[in-house]
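*Asks:* Quick one, what's the 3D model for this:
(chains A, B and C)
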Amino acid sequence: MKDEILLKKSNDDFSDRVLQIVMQIPFGKVTTYGHIAYALGSKKSSRMVGYALNSVHNRDEIPCHRVINRNGELSGKLHFATPTLMRELLEGEGVEFIGEMVNLSKHLWIPETV
DNA sequence: CGGGTGACTTTAC
DNA sequence: CGTAAAGCCACCC
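*Replies:* Have a look, this model is predicted:
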């Protein structure tokens, strides 16, 4: 199971690496596109992170709602089934919101550089 | 091979 | 708080 994830071809594309990091986000935590990109070695490729999530098919395995932009805003909410689903999922995990943004000070999770 | 696009970020005005 | 521009890189046509 998890071994398969770690054993994935070392030649993974950027997208695959993004997905693997998103999968590692702990319950009730969130991270930003920038941090994921940084963990991959290129902070400037933050756009690719969002692009990768859009390309992912197995959403059930990827908690996309835990990936937000630098402001803590749910930039990708419009890509969910409903514009409110993303926030509902996060609140359901105990994530605190400040207006339209997530309280990053409390729930920001930084991925480990693999 | 080139151009358009995008779930981003930063700086600038 | 608003728009604009540049930078970055994968994917699609």
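*Asks:* count of residues packed around residue A:94?
*Replies:* Using other C-beta atoms under 10 Å, residue A:94 has 11 other residues around it. C-beta here means a position set from N, CA and C on the backbone, and glycine is covered the same way.
*Asks:* what is the rounded mean pLDDT of stretch A:83-92?
*Replies:* Mean pLDDT, stretch A:83-92: 94.
*Asks:* Which residues does it contact?
*Replies:* Residues from elsewhere that reach stretch A:83-92 (C-beta atoms under 8 Å, 6 or more residues apart in numbering): A:30, A:63, A:65, A:66, A:74, A:76, A:77, A:80, A:97, A:102.
*Asks:* at 7 Å instead, please
*Replies:* Stretch A:83-92 has contacts (C-beta atoms under 7 Å, 6 or more residues apart in numbering) with A:30, A:65, A:74, A:76, A:77, A:80, A:97, A:102.
*Asks:* tell me which residues in it are buried?
*Replies:* If you call a residue buried by 16 or more other C-beta atoms under 10 Å, then stretch A:83-92 has these buried ones: A:86, A:87, A:89, A:90.
*Asks:* quick one: which helix or strand includes the first one?
*Replies:* Here residue A:86 sits within helix A:85-92, counting by DSSP states H and E.
*Asks:* Parallel or antiparallel, list what pairs with the helix or strand following that helix.
*Replies:* Later in the chain than helix A:85-92, the nearest helix or strand by DSSP H and E is strand A:97-98. If you go by DSSP bridges, strand A:97-98 pairs up with strand A:101-102 (antiparallel).
*Asks:* what sits against whichever residue of chain A sits closest to DNA strand B?
*Replies:* Nearest residue of chain A to DNA strand B: residue A:76, at 2.0 Å (C-beta to the nearest atom of the strand). Contacts for residue A:76 were tallied using C-beta under 7 Å, 6+ apart; they are A:50, A:53, A:64, A:86.
*Asks:* All set now, cheers.
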